[in-house]
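1. Sequence first, predicted model second:
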Amino acid sequence: MTDNSGSPLRRTPLYDEHVRLGAKMVPFAGYEMPVQYPLGVLKEHLWTRDKAGLFDVSHMGIAYVHAADHRHETAARALEALCPADFVNLAPGQQRYSQLLAADGGILDDLMVARPVDPAHAGTLCLVVNAGCKVADYAHIAAHLPSGVTLAPSDDFALLALQGPAAVAVLSDHDRRVAGMGFMTTGAASIAGVDVGLSRSGYTGEDGCEIFVPVEKAAGFWRSLAGDARVQPIGLGARDSLRLEAGLCLYGHDIDTTTSPIEAGLAWSIQKRRRVEGGFPGAARVQRELRDGPSRLRVGIRPDGRAPAREGTEIRAKDGRVIGKITSGGFGPTANAPVAMGYVERASAALGTYIDLMVRGKPLPATIAAMPFTPHRYARKTT
Amino acid sequence: MAKDYFTKDHEWIRVEGDVGTVGITAYATGQLGDVVFVEVPEVGRKVKAHEACAVVESVKAASDIYAPVSGEVVDVNGELTTTPAMVNESPEARAWFYKLKIADPKELAGLMDKATYDAHCETGA
């Protein structure tokens, strides 16, 4: 298999498992990935919301930012020069969502950043970036790190996600420590006889974990988890509908170099110290948009009726004026209705605003709606 | 006696007298995945062969359904609007899309029979 440019596609360490399970393999971000298993996208989606879905996300990029002086603050400050999140005050074992920003405040990629819990790894931050961006990300990061701080991409791990209300129970049946992990924290566990690193996070809106498994043990680990009666393997198709219902951005669709984090509704990921101090690429735009409001905003959209409105669909105000475009759209199996997100000018972004979506040349009535479309069920501490 | 014909775009048309019932094949639904929305044409609409006159949306994408031959839409399956999943469950029977009063039976000669269509699917087209 090759991609559109004719380059050979890469395979994750779990390729043979996907084929053995009867997955339909498609090119995605330079990899041959499972888009669905025999269960099909709809049932895979519902299974994940009901029990536990197992995802191969090994195509994503894992890399370490490492400070030669082994001080957390050195690594954190180096990354803060590229991202708007507060990493200096990230506690050991904590994970945070952020974006790599361009000088104009556009988003080069979004990523997860974790501070290892083990003091032996002080001065290291673990990054997980999008597959389609990782080559450019690594070049960008490496070119902008100060002396004494280095970037080391890693191919040592397969990355799996287990998501859904039963996910943590499945994992903690192997190792009780998993149940004690807070949302967006990292830890270690021994699961199916394999020592793994994991974080209580994911991209479905459900509770669950992302698991770093040594490449040579990945296939056996996958088979062991997939053999649990509560677990089904889930492809990219359902991964997309799950994250869309959860109101989460997909890079290259809902966010890209033309969108700022404030337009994208990601201000929550920029902690107060960074908003005040700035000191990241595009800080002037981010601070201006925080103060004055951005000219457009990412919003949730619920089309009336049953017809989905797809990416690229033009959005019009009720007076016929074009006010924006849908960036992700489809059918939400749990919402049991079409759902979408897109950008509209700020004056039309209020919840409950009636709009039209131009589907097959006809206006399809829709409403600006709250996201997520299905409630998040993260394991947040209630106290 | 009804006779079935198939198009390269994976529609079927079951012809009885001068009326043809149109739907999409099991092969097509396998490619589309779970169907979540169906739009059928209005009764009375006159369509030409190869004209897009119905829409099926799956979890993956929207697809146009084309008229296998020219004619006038004389009936539609309203059940598909409320129960789109029927397209996956019974594509070549209960989930018919619409019925056409065929304008020119000679156009049927341009379609495939079952054996030719199955061979067409084997090639992955």
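-> All right, it came through fine. Just so it is clear, the structure is predicted and the values come from calculations on it, not from any experiment.
2. and A:K51, how many neighbours?
-> Summarising burial for A:K51: neighbours were counted as other CB atoms under 10 Å in any protein chain shown, giving 19. C-beta coordinates here come from the backbone N, C-alpha and C atoms, glycine included.
3. Assign the residue nearest to A:L248 when sequence neighbours are not counted to helix, strand or coil.
-> Closest residue in space to A:L248, ignoring its immediate chain neighbours: A:Y203 at 5.7 Å, by CB to CB, 6 or more residues apart in numbering or on different chains. Using DSSP: H, G, I helix; E, B strand; the rest coil, the secondary structure recorded for A:Y203 is coil.
4. so what's A:Y203 up against?
-> A:Y203 makes contact with A:A161, A:Q163, A:R239, A:L242, A:R243, A:A246, A:L248, according to CB atoms under 8 Å, 6 or more residues apart in numbering or on different chains.
5. Rebuild those as TSV, extending it with neighbour count, secondary structure and pLDDT.
-> Listed next are the contacts of A:Y203 as TSV, based on neighbours: other CB atoms under 10 Å in any protein chain shown; DSSP: H, G, I helix; E, B strand; the rest coil; pLDDT from 0 to 100:
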residue	neighbour count	secondary structure	pLDDT
A:A161	25	strand	98
A:Q163	27	strand	98
A:R239	27	helix	98
A:L242	29	helix	98
A:R243	19	helix	98
A:A246	22	coil	98
A:L248	20	coil	98
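6. does any part of stretch A:333-342 sit near chain B?
-> Yes. Judged by CB under 8 Å from any CB of the partner chain, stretch A:333-342 comes into contact with chain B at A:P333, A:P338.
7. neighbouring contacts of that stretch?
-> A:42, A:45-46, A:49, A:241, A:244-245, A:247, A:254, A:298-303, A:305-309, A:313, A:315, A:324-332, A:357, A:366, A:371, A:373-374, B:36-37, B:59.
8. That stretch: which residues count as buried?
-> By neighbour count on 16 or more other CB atoms under 10 Å in any protein chain shown, the buried set for stretch A:333-342 is A:P333, A:T334, A:A335, A:A337, A:P338, A:V339, A:A340, A:M341, A:G342.
9. where do the strands sit along chain B?
-> Listed in chain order, the strands of chain B (DSSP state E) span B:3-6, B:11-16, B:19-24, B:35-39, B:46-47, B:52-58, B:62-66, B:71-76, B:98-102.
10. I meant to write the stretch 1-150 of chain A there.
-> Per DSSP state E, counting those that start in this stretch, the stretch 1-150 of chain A carries strands over the ranges A:24-28, A:31-36, A:52-56, A:61-67, A:95-101, A:107-114, A:124-129, A:149-154.
11. okay if I get these as a markdown table plus mean pLDDT?
-> Output for the strands of the stretch 1-150 of chain A, formatted as a markdown table (pLDDT from 0 to 100):
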| stretch | mean pLDDT |
| --- | --- |
| strand A:24-28 | 96 |
| strand A:31-36 | 97 |
| strand A:52-56 | 98 |
| strand A:61-67 | 98 |
| strand A:95-101 | 98 |
| strand A:107-114 | 98 |
| strand A:124-129 | 98 |
| strand A:149-154 | 98 |
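12. out of these, deepest packed?
-> Mean neighbours per residue, mean count of other CB atoms under 10 Å in any protein chain shown, is largest over the strands of the stretch 1-150 of chain A for strand A:52-56, with a mean of 27.
13. ok, what's across the strand from residue 64?
-> Picking chain A for this. Legend: beta-bridge partners of A:Y64 under DSSP bridges are A:C126, A:A152.
14. let's do chain B instead
-> As for beta bridges, B:D64 partners with B:V55 under DSSP bridges.
15. Could you list the low-pLDDT ranges of the chain?
-> All of this is about chain A. Applying pLDDT under 70 to chain A flags residues A:1-6, A:381-383.
16. Please refer instead to chain B.
-> Low-confidence segments of chain B (pLDDT under 70): B:125.
17. Chain A contacts on that one?
-> B:33-34, B:36-37, B:39, B:55, B:57, B:59-62, B:81, B:84.
18. From these, list the buried ones, please.
-> The buried subset of the residues of chain B next to chain A - by 16+ other CB under 10 Å - is B:G33, B:D34, B:V36, B:F37, B:E39, B:V55, B:E57, B:V59, B:K60, B:A62, B:P84.
19. Between all of the residues you listed, which two are separated the most?
-> Greatest spacing in those, by CB to CB: B:G33 and B:E39 (17.6 Å).
20. Skipping its backbone neighbours, what lies nearest A:G332 in space?
-> A:V339 (4.0 Å).
21. Return the distance of A:A369 relative to A:T353.
-> Going from A:A369 to A:T353 by CB to CB, to the nearest Å gives 9 Å.
22. A:V213 too?
-> In terms of CB to CB, A:V213 sits 46 Å off from A:T353.
23. So the two - more neighbours on which side?
-> A:V213 (27 against 18).
24. Which strands or helices does the longest helix that chain B contains pack on?
-> Ranked by number of residues, the top helix in chain B under DSSP state H is helix B:114-122. In terms of contacts (3 or more CB pairs under 8 Å, 6 or more residues apart in numbering or on different chains; DSSP states H and E), helix B:114-122 is packed against strand B:3-6.
25. Good, wrapping up.
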